[in-house]
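Asks: Sequence first, predicted coordinates after that:
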Amino acid sequence: KAGVTQTPRYLIKTRGQQVTLSCSPISGHRSVSWYQQTPGQGLQFLFEYFSETQRNKGNFPGRFSGRQFSNSRSEMNVSTLELGDSALYLCASSLAPQNEKLFFGSGTQLSVL
Amino acid sequence: DAKTTQPTSMDCAEGRAANLPCNHSTISGNEYVYWYRQIHSQGPQYIIHGLKNNETNEMASLIITEDRKSSTLILPHATLRDTAVYYCIVLYNFNKFYFGSGTKLNVKP
């Protein structure tokens, strides 16, 4: 069974641009959550989606948004990029929101110049 | 979410047991303790979780104290591939995970 797939693996953008990251969950998993990881702040929760609905949201500005499609695939978007948005963005999937086992992808490494 | 305290780093000799402690003194009665690990450049990997009883699986054992204010993850025979950052997390009602800073485990030959 294929794992969580995130694309692209690496991305370089400049300040002010926007970016869209993609996540394909494990087949059969319907819950997708996103995390931002930086050396200074560690792993921080962004948001969680289930059945195309956002269930939880972390403490991030409105520039960070996401969505989930009917096939459970998810995208997150960051608009008006700032230097501080440089991070590893991780997607995790699980069978359902109330499931303890999160399966993570390898992440998208975003660099903002 | 209850916060956790872990040592910043630990060393372990290859083949020996690695015992990683975690303090979660503010844990509530219905909060589970989870352990994940993250090997460099990869996403975190689920290891084990428990509520109040000790748990064991093919990867590790989890020992939770009777008052549930602390726990220990045990890797029985550490290998070089176990070198990673280990996160202890407490989670209420399956809400979002708070990962904290974790413990960097260095397994040495």
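Replies: Arrived safely.
Asks: For chain A, what is the nearest residue in chain B?
Replies: Going by C-beta to the nearest C-beta, chain A is nearest to B:G43 of chain B, at 2.7 Å. All C-beta atoms are positioned from the backbone trio N, CA, C, and that covers glycine.
Asks: quick check, that residue in a strand?
Replies: No: counting by DSSP: H, G, I helix; E, B strand; the rest coil, B:G43 is not part of a strand but coil.
Asks: burial measure for it, as a count.
Replies: B:G43 has 23 neighbours, counted by other C-beta atoms under 10 Å in any protein chain shown.
Asks: list the buried ones in stretch A:27-38?
Replies: For stretch A:27-38, a neighbour-count test (16 or more other C-beta atoms under 10 Å in any protein chain shown) marks A:29-37 as buried.
Asks: Report whether that stretch contacts chain B.
Replies: Yes: using C-beta under 8 Å from any C-beta of the partner chain, stretch A:27-38 reaches chain B at A:33, A:35.
Asks: partners of the helix or strand hosting B:R37 in the sheet?
Replies: Counting by DSSP states H and E, the element that carries B:R37 is strand B:31-38. Take DSSP bridges as the rule and strand B:31-38 pairs in its sheet with strand B:45-50 (antiparallel), strand B:84-92 (antiparallel).
Asks: nearest spatial neighbour of whichever residue of chain A sits closest to chain B, skipping sequence neighbours?
Replies: Among all residues of chain A, A:F104 sits closest to chain B, at 2.7 Å; criterion: C-beta to the nearest C-beta. In this structure, A:F104 finds its nearest non-sequential neighbour in B:G43, 2.7 Å apart by C-beta to C-beta, 6 or more residues apart in numbering or on different chains.
Asks: wouldn't that neighbour be in contact with A:S106 here?
Replies: Yes: assessed by C-beta atoms under 8 Å, B:G43 is found in contact with A:S106 at 5.7 Å.
Asks: Give me the contact list for the helix or strand of chain B with the lowest mean pLDDT.
Replies: Lowest by mean pLDDT, DSSP states H and E among the helices and strands of chain B is strand B:84-92, with a mean of 88. Here strand B:84-92 makes contact (C-beta atoms under 8 Å, 6 or more residues apart in numbering or on different chains) with A:43, A:100, B:1-4, B:6, B:20, B:22, B:24, B:27-28, B:30-40, B:44, B:47, B:71, B:73, B:97-100, B:102-105.
Asks: just the buried members of these?
Replies: Looks like those have A:43, B:1-2, B:4, B:6, B:20, B:22, B:24, B:27, B:31-38, B:44, B:47, B:71, B:73, B:97-100, B:102-105 buried, using 16+ other C-beta under 10 Å.
Asks: Give the residue spans of chain A that score low on pLDDT.
Replies: A:1, A:98-100 (pLDDT under 70).
Asks: what residues does it put near chain B?
Replies: Counting by C-beta under 8 Å from any C-beta, chain A comes close to chain B at A:4, A:33, A:35, A:42-45, A:48, A:56, A:58, A:90, A:92, A:97-107.
Asks: show me what contacts the most far-flung residue of chain B relative to its centre?
Replies: Most distant from the centre of chain B: B:P109, at 22.1 Å, with distances by C-alpha atoms, centre = their mean. Going by C-beta under 8 Å, 6+ apart, B:P109 touches B:14, B:80.
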